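1. Fold the following for me, if possible:
(2 chains)
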Protein chains: 2
Amino acid sequence: MSDPRPAFVLVRPQMGENIGASARAMLNFGLEHMRVVAPRDGWPNERAVALASGAGRLLDGAMLTEDVPAAVADCTYVFATTARDRDLTKPVYTPEAAMEEAVRRGRAGERVAVLFGPERAGLENDDIARASAIVQVPTNPDFPSLNLAQCVLLMGYEWRRVSTRAGGMEMEMAGTDWVNQAELEALASHYETRLEEAGFFFPEGKAPAMKRTLRNMWSRLPLTRADAQVFHGVLRQMVRWKERG
Amino acid sequence: MSDPRPAFVLVRPQMGENIGASARAMLNFGLEHMRVVAPRDGWPNERAVALASGAGRLLDGAMLTEDVPAAVADCTYVFATTARDRDLTKPVYTPEAAMEEAVRRGRAGERVAVLFGPERAGLENDDIARASAIVQVPTNPDFPSLNLAQCVLLMGYEWRRVSTRAGGMEMEMAGTDWVNQAELEALASHYETRLEEAGFFFPEGKAPAMKRTLRNMWSRLPLTRADAQVFHGVLRQMVRWKERG
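-> The predicted structure follows:
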């Protein structure tokens, strides 16, 4: 089976620093297929290598081409990232929807590319015209500008998020050793008994309501076994302290 | 109605550049409430201002505090971002789930904070022990490191993505009067002080870890103001009981 991961294509990137930071951002999310179209300062690029630090092998393995058509020749579906609306009739995806599409196509054996434009001006309309669809990051309209590596980071993040999504909900505190109802009952009783001795439930007429409030609280709190032991320990210590006089 | 947007809290940030870039990343997604705890190079920070460019007003309006408790005193729910697993029993959220929670609570009138640790080491366990929950960005385990501004960018992106998503969410326990961090701090201190007197923290060598465990538990439990009053009352009663001899 072919590698289902999309290629990220940096089109005419200007600053080596941004190329290096993009490589790191890709690898942060497990993406490794970088392609570079006509980098302004030539190739290889020292500043890119310096900034890539642990992700240098993405640069070593990057496909270098002179233009966009050559860079995406083997791809069946191409996304173009843009910051602003263009007058082109083309589907516009959110990053999430785009990466869902990329994951689906990748799993079906297709090769997908995502184009990122140069820092200053973004992709040209000719580049975008070659893409299958547009992706736009939904930024604040009053302050929309993202730099190249940030845009790569967000797309990489979405790719990983979507591709590792397990169909279910997050497993909050999976494996946590929660108290069972018997343990909860023991804890509630321990407090009730000692507080009774200590004269907490006063006046007597209010005692049933006070006890119910306490029970309700214990039941509602998401207590682990360890938490329950702490609460038992706290109470035992207060009793010992009293008994020492 | 109160502003539903979370506060992003930079804890002991080192490089002014990262503070400035974080301000820009926040504003990219429409977030404006920055708080800064004990920045290494003092405040205001020239490099931060230079890098923030169009987002300088976030720095001008940032709340500056000496420690984390002061920075989150008015917040009812606090997320701590961490890169790696910690041995603390605390729910771990994905950025998406965390920002869903932040949006829901923000709309219910709560104030939510997200803590970001210093560049090199991340948040300390003592900071995390004060948080309600942990957020982890699901990065490539072989290359996980994100810098401060990247982490801010991703959380901001998720906040905007989730908060602009159509379709309302359930408001579980909307209108509940949750404790804020100052009240939680008072409760934790009350127990710590009395338990210290009662000889709970024994042997002495284990006292710091025992105290952290307790703090961690208080922060994690979803306590209402009424719950906090019950817990205060329980302890006060035990003390009175002891004092009666």
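2. now the strands for chain A?
-> Along chain A, counting by DSSP state E, strands occupy A:7-11, A:34-37, A:63-65, A:77-81, A:92-93, A:112-116, A:133-135.
3. mind checking which of those strands is nearest A:R220?
-> Between A:R220 and these, the shortest separation by Cβ to Cβ is 42.1 Å, and it involves strand A:92-93. To be clear about C-beta, it is placed using only N, CA and C from the backbone, and glycine gets the same treatment.
4. In its sheet, which strands sit next to that closest one, and in what direction?
-> Strand A:92-93 pairs in its sheet with strand A:133-135 (parallel), by DSSP bridges.
5. what does the domain assignment say about chain A?
-> Per automatic domain parsing, the domain ranges recorded for chain A read A:7-163, A:181-244.
6. circling back: save the strands of chain A as CSV, and put in mean neighbour count and mean pLDDT too.
-> Written out in CSV, the entries for the strands of chain A read as follows (neighbours: other Cβ atoms under 10 Å in any protein chain shown; pLDDT from 0 to 100):
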stretch, mean neighbour count, mean pLDDT
strand A:7-11, 26, 98
strand A:34-37, 24, 98
strand A:63-65, 16, 97
strand A:77-81, 25, 92
strand A:92-93, 16, 89
strand A:112-116, 26, 96
strand A:133-135, 21, 90
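7. how about CSV for these, with distance to B:R220 added?
-> Listed next are the strands of chain A as CSV, based on distance: least, Cβ to Cβ, whole Å:
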stretch, distance to B:R220
strand A:7-11, 39
strand A:34-37, 41
strand A:63-65, 49
strand A:77-81, 39
strand A:92-93, 38
strand A:112-116, 39
strand A:133-135, 38
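8. Put the alpha carbons of stretch A:11-22 into CSV.
-> As requested, the backbone C-alpha atoms of stretch A:11-22 are provided in CSV (Å, rounded to 0.1, in the frame of the first residue of the first chain):
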residue,chain,number,x,y,z
VAL,A,11,6.0,27.2,-3.6
ARG,A,12,8.8,29.8,-4.2
PRO,A,13,9.7,30.1,-0.5
GLN,A,14,11.8,33.1,0.4
MET,A,15,13.4,32.7,3.8
GLY,A,16,15.5,29.6,4.6
GLU,A,17,14.3,30.0,8.2
ASN,A,18,10.8,29.5,7.2
ILE,A,19,11.6,26.4,5.1
GLY,A,20,13.4,24.9,8.2
ALA,A,21,10.6,25.8,10.5
SER,A,22,8.1,24.2,8.1
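9. anything in that stretch near chain B?
-> No - under the criterion of Cβ under 8 Å from any Cβ of the partner chain, chain B is not reached by stretch A:11-22; the shortest gap measures 9.1 Å.
10. now what about that stretch, what contacts it?
-> Residues outside stretch A:11-22 that contact it (Cβ atoms under 8 Å, 6 or more residues apart in numbering or on different chains) are A:8, A:10, A:34, A:36-41, A:45-53, A:55, A:59, A:68, A:71, A:115-120, A:123, A:127, A:147-149, A:152.
11. so which of the domains of chain A is the most packed in?
-> Among the domains of chain A, ranked by average contacts under mean count of other Cβ atoms under 10 Å in any protein chain shown, first place goes to domain A:7-163 (a mean of 19).
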